[in-house]
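[1] Requesting a structural model of the entry that follows:
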Amino acid sequence: MGEIVIARTWDVELIQDVTAEVWENVTDDSRDADPYSFVPPVEDDDARYYVSAQDNQIVGLWMTHRKNHILWQMHVTILPEFHRRGIAIPHSKLALPFAFQDTGAETIMAEAPGWNPRIAEHAEEAGFTRTGVIPRSYMKDGEIYDTIILTAHRKDHANTTT
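    Numbering: from 1, shown residues only. Modelled structure (predicted):
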């Protein structure tokens, strides 16, 4: 396998295409919209989008947005063809410190729907820690689930000084 490359992107079409690939896996029952109806605010400095690639193939997309001056929230999107192949975790392990460096965040948080435990497991393998649960906050296929809250802190990730 070749070198993993993480880079910020302003390519709206690329962001929409990657998001569309995983739309059904990450949305709850309240989302009736077409994934292409989401227009990422790429010019907004409070939102950052990163892609990872390896061997000239896009593997994932990391969408971050500022919650306040030290807290950012991250949404991770790994393309389905890279699920459970041992490829996604190395990308996420590089994307997290990249996001700390780029955003200046002290803490980055993520949410994982309780109906898909693999999402939380992936986040933990990438460097997040489970820090809480929002009970009964996610509906998928008519069933109600908890939302798992995960956080990562700058001090725990090498090469992320500001």
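[2] Please enumerate the strands of the protein.
    With DSSP state E as the criterion, the chain has strands at 4-8, 47-54, 57-66, 71-78, 107-113, 129-140, 143-153.
[3] what's the third one packed up against?
    Spelled out, that is strand 57-66. Strand 57-66 is packed against helix 12-26, strand 47-54, strand 71-78, helix 88-103, with contacts defined by 3 or more Cβ pairs under 8 Å, 6 or more residues apart in numbering; DSSP states H and E. To be clear about C-beta, it is placed using only N, CA and C from the backbone, and glycine gets the same treatment.
[4] As a quick check, tell me the outermost residue of the protein.
    In the chain, the residue that sits farthest from the middle, by Cα atoms, centre = their mean, is residue 142; the gap is 24.6 Å.
[5] Backbone dihedrals for it, both of them.
    phi 80, psi -10 (degrees, to the nearest 10).
[6] Ranking helices and strands of the protein by mean pLDDT, which lands last?
    The weakest-scoring helix or strand in the chain, judged by mean pLDDT, DSSP states H and E, is helix 12-26 (a mean of 82).
[7] Restrict it to CA atoms and write it as PDB.
    These are the backbone C-alpha positions of helix 12-26, laid out as PDB (Å, rounded to 0.1, in the frame of the first residue of the first chain):
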ATOM      1  CA  VAL A  12     -18.100  20.800  -3.000                       C
ATOM      2  CA  GLU A  13     -18.900  18.100  -5.600                       C
ATOM      3  CA  LEU A  14     -16.300  15.700  -4.100                       C
ATOM      4  CA  ILE A  15     -17.700  16.300  -0.600                       C
ATOM      5  CA  GLN A  16     -21.200  15.600  -1.800                       C
ATOM      6  CA  ASP A  17     -20.200  12.500  -3.700                       C
ATOM      7  CA  VAL A  18     -18.400  10.900  -0.700                       C
ATOM      8  CA  THR A  19     -21.300  11.900   1.600                       C
ATOM      9  CA  ALA A  20     -23.800  10.300  -0.800                       C
ATOM     10  CA  GLU A  21     -21.900   7.000  -0.700                       C
ATOM     11  CA  VAL A  22     -22.600   6.500   3.000                       C
ATOM     12  CA  TRP A  23     -25.900   8.500   3.400                       C
ATOM     13  CA  GLU A  24     -28.000   5.500   4.400                       C
ATOM     14  CA  ASN A  25     -25.400   4.300   6.900                       C
ATOM     15  CA  VAL A  26     -25.200   7.600   8.800                       C
END
